[in-house]
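Enquirer: Quick one, structure for this:
(chains A and B)
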Protein chains: 2
Amino acid sequence: MDYYSNQISKLIEELSCLPGIGTKSASRLAFHLIHMPVEEVKRLADTMVEARENVRYCSECYTLTDQELCPICRNEARDHKTIMVVETTRDLAAYEKTGKYEGVYHVLHGAISPMLGIGPEDVKLKELMERLRKDVDEVIIATNSSLEGETTAMYISKLIKPTGIKVSRIASGVPVGGDLEYIDEVTLLRALEGRTEI
Amino acid sequence: MDYYSNQISKLIEELSCLPGIGTKSASRLAFHLIHMPVEEVKRLADTMVEARENVRYCSECYTLTDQELCPICRNEARDHKTIMVVETTRDLAAYEKTGKYEGVYHVLHGAISPMLGIGPEDVKLKELMERLRKDVDEVIIATNSSLEGETTAMYISKLIKPTGIKVSRIASGVPVGGDLEYIDEVTLLRALEGRTEI
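Expert: Numbers count the residues shown, from 1 in each chain, chains lettered A, B, ... in the order given. Now for the predicted structure:
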């Protein structure tokens, strides 16, 4: 790319290492940045570095936050006796967007995958078990509906059952608005198995 | 987004102002940045600011570069008597990627658009006419095949014709590998008009 200046090429190259950004998006972004007011570019650059330097795990639920406790764990109006187990902070955000879940979370930062060599000790599972020593009514397992997510759900459920704490798993089925014609067979069978009386 | 920490929310918000990046991509990028080694984040931030601060227009062809003259204008092996007029530096890059064009460029940084109130004085056209005082054989107009691009091409052509310098326009037609069935009528008619004997 010597037809661009070195600095533009370098910027395009570094941007294209980010996930979901190919060479074309990277060059569009680079030219956008070059035309932005210099203060805005500096602000974005500072925000990136500051976020990277200050963000850490919540000491309670292990979501990413910039304080000792995340806003959800700090919130006394939430039901701290119900813990939803998710794989990532983005999954937590997905449930928070519904605005209807009132419990707290536990972020595993991954899922158990024997295929990829990711064992129970590689996710925040020990930390979850530690939390269950306190007064907890229910653990809702909301790991993904993938092989790894299901494996993790089974594993956690077996681990918690002996403690007597209620363990549940979010439902699998046809997504709302989903057209049966385009939905895979496994999901269709799951939806059938999980049918409820109306 | 108060379920993320302030710094993550701020990062997602600033990233989602970039072109082609919606809230979902922005949050994916933000979480990627937060998990990257801190040195890499700092390097990317520095590259952004440096590029923004040092990149300017080539004093000859007005492409974006970090030196007085861009690598193409500095290159004596190129044919400096043939000037290809393009709308943006990215269009220049598109032609450079072909590796077959040996002339130099002139970047207008826009196209004339009476609809949007962009006149000839808003693009680098005066600068192009200035260059034509030197020894130039041909001006190849490679503005986009859009209404604005065509308007600009006509305008430039009328401006240059009296000087006696050859003016040409890149061909419009069916893209190579394009399926006639899916090509719009205007392009099909252009391709017909521009047919050449074989």
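Enquirer: Show the contacting residues for A:His35.
Expert: Not one residue lies near A:His35 by C-beta atoms under 8 Å, 6 or more residues apart in numbering or on different chains. Every C-beta, even on glycine, is put in place using the N, C-alpha and C of the backbone.
Enquirer: got the buried residues for stretch A:171-191?
Expert: Of the residues in stretch A:171-191, A:Gly173, A:Thr187, A:Arg190, A:Ala191 count as buried by neighbour count, 16 or more other C-beta atoms under 10 Å in any protein chain shown.
Enquirer: That should have said stretch A:149-156, apologies.
Expert: Buried, per 16+ other C-beta under 10 Å, within stretch A:149-156: A:Gly149, A:Glu150, A:Thr151, A:Thr152, A:Ala153, A:Tyr155, A:Ile156.
Enquirer: And the residues you listed, which is closest to chain B?
Expert: Distance to chain B, by C-beta to the nearest C-beta, is smallest for A:Gly149 among the buried residues of stretch A:149-156, at 18.0 Å.
Enquirer: For the closest one, give its distance to A:Ile34.
Expert: 42 Å (C-beta to C-beta, to the nearest Å).
Enquirer: cool, and A:Lys161?
Expert: For A:Lys161 relative to A:Ile34 (C-beta to C-beta), the value is 58 Å.
Enquirer: neighbour-wise, which of the two wins?
Expert: Neighbours were counted for A:Lys161 and for A:Ile34 using other C-beta atoms under 10 Å in any protein chain shown; A:Ile34 has more, 22 against 11.
Enquirer: Might you report the residue contacts of the most centrally placed residue in chain A?
Expert: By C-alpha atoms, centre = their mean, chain A has its centre lying nearest to A:Thr88, at 2.2 Å. A:Thr88 sits next to A:Val107, A:Leu108, A:His109, A:Gly110, B:Phe31 when contact means C-beta under 8 Å, 6+ apart.
Enquirer: Just the pLDDT for A:Ile198.
Expert: A:Ile198 is assigned 69 on the pLDDT scale.
Enquirer: Ok, A:Val186 next?
Expert: 80.
Enquirer: helix, strand or coil for it?
Expert: helix (DSSP: H, G, I helix; E, B strand; the rest coil).
Enquirer: outside of the host helix or strand of A:Glu150, which residues touch it?
Expert: Assigned by DSSP states H and E, A:Glu150 belongs to helix A:147-160. Residues outside helix A:147-160 that contact it (C-beta under 8 Å, 6+ apart) are A:85, A:87, A:108, A:111-116, A:118, A:120, A:123, A:125, A:128-129, A:132, A:139, A:141, A:143, A:167, A:169.
Enquirer: I'd guessed A:Leu44 sits against B:Glu13; true?
Expert: No. Contact criterion C-beta atoms under 8 Å: A:Leu44 and B:Glu13 do not qualify, at 10.3 Å.
Enquirer: Which one's more surrounded, the two?
Expert: A:Leu44 (21 against 14).
Enquirer: Now do the contacts for the more buried one.
Expert: B:Glu14, B:Leu15, B:Ala45, B:Met48.
Enquirer: Could you give the number of residues near the second one?
Expert: Applying other C-beta under 10 Å, we find 23 residues neighbouring B:Leu15.
Enquirer: Which residue, other than its chain neighbours, is closest to it?
Expert: B:Ala26 (3.9 Å; C-beta to C-beta, 6 or more residues apart in numbering or on different chains).
Enquirer: ditto for A:Ile21
Expert: A:Leu15 (5.9 Å).
Enquirer: So that neighbour is in contact with A:Thr23, correct?
Expert: No. Applying C-beta under 8 Å, one finds A:Leu15 not in contact with A:Thr23, separated by 9.2 Å.
Enquirer: show me where chain A has strands.
Expert: Secondary structure of chain A by DSSP state E: the strands cover A:56-57, A:64-65, A:79-86, A:103-107, A:138-141, A:166-169.
Enquirer: Out of those, which one sits most buried?
Expert: strand A:64-65 (a mean of 26; mean count of other C-beta atoms under 10 Å in any protein chain shown).
Enquirer: circling back to that earlier point, now render the buried residues of stretch A:171-191 as JSON lines, adding distance to A:Cys73.
Expert: Shown next, in JSON lines, are the buried residues of stretch A:171-191 (distance: C-beta to C-beta, whole Å):
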{"residue": "A:Gly173", "distance to A:Cys73": "30"}
{"residue": "A:Thr187", "distance to A:Cys73": "33"}
{"residue": "A:Arg190", "distance to A:Cys73": "32"}
{"residue": "A:Ala191", "distance to A:Cys73": "34"}
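Enquirer: Among the residues you listed, which are located in helices?
Expert: Counted as lying in helices by DSSP state H, out of the buried residues of stretch A:171-191, are A:Thr187, A:Arg190, A:Ala191.
Enquirer: Now do the contacts for the first one.
Expert: Read that as A:Thr187. So A:Thr187 contacts A:Ser172, A:Gly173, A:Val174 (C-beta under 8 Å, 6+ apart).
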